[in-house]
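Trainee: what follows is a predicted protein model with its sequence.
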Amino acid sequence: MLKNINAYILIGCLFLMTCAVGCKKESGGNGHNAGEPIVINEFLPVQGGGGTEVLFTGSNYINDTNQVTVTLNGKPLKVVGVNGSQIMAVVPKKAGSGHFVVKIGDDSVVSTGIFNYVYTRTVSTFAGGNTAGFANGKGTDAMFNLGGANWYRSMGIVVDDKLNVFVADPGNHCIRKIDSNANVTTFSGTAVSGYADGKGTAARFSLPYDLALDASGNLWCADPGNWDIRKIEPDGTATTWAWGSEAPWSVAFDKITGKVYWAGCSSPGSIYPINGQWSVGTPILTGLNYPAGFKFDNSGNLYVSMHGDNMIKKYKAATWTLAATAGSGVVGYANGAPSVAKFANPWGLAVDAGGNVYVATNGTWDGSVTNADQAIRYIDGATFNVSTFAGSSSAGYADAVGEAAAFSAPTGVAVDKNGTVYVLDKNNNRIRKIISE
């Protein structure tokens with residue numbers, strides 16, 4: 001491998017040397033025959049991340065960097081060198097995997113091969129410290145009580161379009177808000193258990209376990225301690241909207257139907273629509289095996305973390321028929337095709353704008369550090385193939401890149417409009433942040 005890399009670097013250096021003159025602007029687009037096919041014989045390397053220099057070898061190129069464009073998924077690469085048969089270009093961050101498009105004037109070509117973009121996923125601590133407690137403040141000066149009692153199982157974490165993160169803090173019986181600068185405040189409720197509607201700290205919650213955001217910026221909270229679903233307006237005013245026929249553990253909003261839905265974590269379990277205040281409708285799904293987190297994508301398809309089955313299931317919008325399943329059903333930790341992958345007690349989940357799914361994977365009743373899965377898993381929206389987004393099968397605490405990072409009982413996950421992921425890290429009493437580039 002090292003020999004191949006060194007050879008590639010040598011080729012690149014020699015290429016740039018030969019381009020020292022050729023890369024200068026030439027009149028008339030010297031080197032390219034307009035109307036004739038542009039040919040890509042190969043490009044190297046075939047995978048890499050942002051900043052990777054890719055060398056294209058072929059024919060009918062040009063001796064002018066200003067007349068060449070190279071794109072990947074519509075994102076432009078920086079062209080740093082050209083001659084009649086070679087192009088050197090730099091891959092931008094977050095480009096994704098796909099085919100290259102080389103364009104010279106009105107002529108263009110699409111590469112037959114696919115460039116595999118390798119993301120660097122950097123995990124950091126966004127807010128909170130290792131000790132359970134209650135304190136507002138900035139970043140690690142703040143305190144949460146996510147795992148002060150080992151049986152807490154909040155999956156409640158969401159992020160709005162202004163990049164404010166909201167957290168259901170069960171041990172402090174309230175909803176916390178973290179702005180984009182990591183300033184933590186109390187949004188609704190206070191560190192006293194109870195039941196009361198009201199604005200801000202006048203409200204009382206028992207066990208806020210899950211959150212959802214609707215199209216108007218209202219928060220919705222499932223509180224199994226009070227058996228209720230609460231609507232929380234942008235000013236922090238909490239109002240009871242519905243009572244559960246069983247303890248509600250999870251809640252989600254579907255922008256297609258415009259409705260909020262809730263579920264209890266039971267077997268057989270159901271998912272219920274809320275048709276209006278005090279009006280709970282007929283379940284859209286029944287017979288589920290301990291459903292935990294569930295969310296809808298932008299098309300109204302439903303994704304359920306099936307805690308009892310160790311699977312993630314997708315249901316088609318409106319018909320609610322099963323469309324896809326990830327996980328073999330065998331407890332464990334394994335990546336791969338949908339039928340091969342393994343989960344161990346999956347809990348909260350999130351869905352991004354592309355229909356990709358992120359799963360927080362340790363919903364054990366006591367946040368077990370020996371649970372086989374302590375990671376954030378990623379399910380490709382197109383193939384439903386499973387991979388590890390960050391973390392591993394080992395519990396711990398470490399800010400690092402990819403699988404070198406460590407979580408301890410991650411129970412909730414959210415993703416913002418920019419693709420940044422936030423994790424409710426229960427045993428560490430922290431909110432973690434994952435940036436992909």
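Mentor: Yep, it's here.
Trainee: which residues touch Ala395?
Mentor: By Cβ atoms under 8 Å, 6 or more residues apart in numbering, the residues touching Ala395 are 362, 369-371, 374, 406-409, 427. C-beta here means a position set from N, CA and C on the backbone, and glycine is covered the same way.
Trainee: please apply the same query to Leu77.
Mentor: Leu77 touches 54, 70-71, 89-92, 95, 100, counting by Cβ under 8 Å, 6+ apart.
Trainee: nearest spatial neighbour of it, chain-adjacent residues omitted?
Mentor: Ala89 (3.9 Å; Cβ to Cβ, 6 or more residues apart in numbering).
Trainee: same check on Trp278?
Mentor: Ala242 is the one closest to Trp278 (Cβ to Cβ, 6+ apart), at 6.4 Å.
Trainee: ok, the one you found touching Ser279?
Mentor: Yes: if you go by Cβ atoms under 8 Å, Ala242 and Ser279 touch, sitting 7.4 Å apart.
Trainee: show me which of these two is the more surrounded one.
Mentor: Ala242 (23 against 10; other Cβ atoms under 10 Å).
Trainee: any idea of the mean pLDDT for the helix or strand harbouring the more buried one?
Mentor: Taking DSSP states H and E as the criterion, Ala242 maps to strand 237-243. Computed over strand 237-243, the mean pLDDT rounds to 98.
Trainee: which helices and strands does that strand pack with?
Mentor: In terms of contacts (3 or more Cβ pairs under 8 Å, 6 or more residues apart in numbering; DSSP states H and E), strand 237-243 is packed against strand 183-189, strand 198-199, strand 228-232, strand 279-280.
Trainee: next, the buried residues of the longest one.
Mentor: Yep, that's strand 183-189 we're talking about. Residues of strand 183-189 classed as buried by neighbour count (16 or more other Cβ atoms under 10 Å): 183-184, 186-189.
Trainee: export the residues you listed to CSV and append columns for distance to Ile104.
Mentor: Below are the buried residues of strand 183-189 laid out as CSV (distance: Cβ to Cβ, whole Å):
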residue, distance to Ile104
Asn183, 50
Val184, 53
Thr186, 58
Phe187, 54
Ser188, 58
Gly189, 61
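Trainee: point out where the stretch 1-150 of the chain drops to low pLDDT.
Mentor: Residue ranges of the stretch 1-150 of the chain with pLDDT under 70: 1-30.
Trainee: so where do the helices sit in it?
Mentor: 2-22 (DSSP state H, counting those that start in this stretch).
Trainee: do the stretch 151-300 of the chain as well
Mentor: Going by DSSP H, counting those that start in this stretch, the stretch 151-300 of the chain shows no helices.
Trainee: return the distance of Phe100 relative to Val70.
Mentor: Going from Phe100 to Val70 by Cβ to Cβ, to the nearest Å gives 6 Å.
Trainee: swap in Pro234?
Mentor: Pro234 is 44 Å from Val70, where distance means Cβ to Cβ.
Trainee: who has more neighbours out of the two?
Mentor: The residue with more neighbours, out of Pro234 and Val70 and counting by other Cβ under 10 Å, is Val70; that gives 24 against 12.
Trainee: hey, what's in contact with both of Phe100 and Val70?
Mentor: Common contacts of Phe100 and Val70 (Cβ under 8 Å, 6+ apart): 56, 77.
Trainee: thinking again about what came up before, so the residue nearest to Leu77 sits against Thr52, correct?
Mentor: No: contact criterion Cβ under 8 Å: Ala89 and Thr52 do not qualify, at 9.5 Å.
Trainee: settle it for me: which of those two has more neighbours?
Mentor: Ala89 (26 against 17).
Trainee: show the contacting residues for the more buried one.
Mentor: Neighbouring residues of Ala89 by Cβ under 8 Å, 6+ apart: 53-54, 56, 70, 77-80.
Trainee: in TSV: these, plus distance to Phe115.
Mentor: Shown next, in TSV, are the contacts of Ala89 (distance: Cβ to Cβ, whole Å):
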residue	distance to Phe115
Glu53	12
Val54	7
Phe56	11
Val70	11
Leu77	10
Lys78	15
Val79	15
Val80	17
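Trainee: so which of those wins on neighbours?
Mentor: Comparing these by number of neighbours (other Cβ under 10 Å), Phe56 comes first, having 26 neighbours.
Trainee: ok, the closest residue to that one other than its chain neighbours - contacts?
Mentor: Nearest residue to Phe56, sequence neighbours excluded (Cβ to Cβ, 6+ apart): Ile87, at 4.2 Å. Ile87 sits next to 55-56, 61, 68, 70, 79, 81, 102 when contact means Cβ under 8 Å, 6+ apart.
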